[in-house]
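A.B. asks: sequence and computational prediction follow.
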Amino acid sequence: MKSPTPGRQYAIPQVPKSVQRREQNFSGGKPSKHDKAKLMRSEGIIPIQAGSNKYASQRGMTGFGRPR
């Protein structure tokens, strides 16, 4: 890389430590066969699964201590 000012040397910019830490957290040691974008696409599925009991009712339930 040629320096814009003669006599000065410019190095390639370093990756910030926060970015390095984030990459380490996502990698988890074992290399993934899926890229981050593909993994993040499934993030919207979890709330749908968690809210599937939304319309459950108490019909057929008995009080405590009562025989069925």
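C.D. replies: Good, I have the coordinates. Numbering: from 1, shown residues only.
A.B. asks: any weak-confidence spans in the chain?
C.D. replies: Applying pLDDT under 70 to the chain flags the ranges 1-5, 26-29, 44-60, 68.
A.B. asks: quick one: the strands in it?
C.D. replies: Using DSSP state E, the chain contains no strands.
A.B. asks: which helix runs longest in it?
C.D. replies: Counting residues, the longest helix found in the chain (DSSP state H) is helix 17-27.
A.B. asks: alpha carbons of that helix, as CSV, please.
C.D. replies: C-alpha atoms of helix 17-27 as CSV (Å, rounded to 0.1, in the frame of the first residue of the first chain):
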residue,chain,number,x,y,z
LYS,A,17,-11.1,-6.1,20.1
SER,A,18,-14.9,-5.9,20.5
VAL,A,19,-15.3,-7.4,17.0
GLN,A,20,-12.8,-10.1,17.7
ARG,A,21,-14.6,-11.0,20.9
ARG,A,22,-18.0,-11.1,19.1
GLU,A,23,-16.6,-13.4,16.5
GLN,A,24,-15.2,-15.7,19.1
ASN,A,25,-18.6,-15.9,20.9
PHE,A,26,-20.4,-16.8,17.7
SER,A,27,-17.9,-19.4,16.6
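A.B. asks: need the contact partners of that helix.
C.D. replies: For helix 17-27, the external contacting residues (C-beta atoms under 8 Å, 6 or more residues apart in numbering) are residue 36. C-beta: built from backbone N, CA, C; applies to glycine.
A.B. asks: same thing but at 10 Å, please
C.D. replies: Helix 17-27 is contacted from outside by 14-16, 32, 36, 39-40, using C-beta atoms under 10 Å, 6 or more residues apart in numbering.
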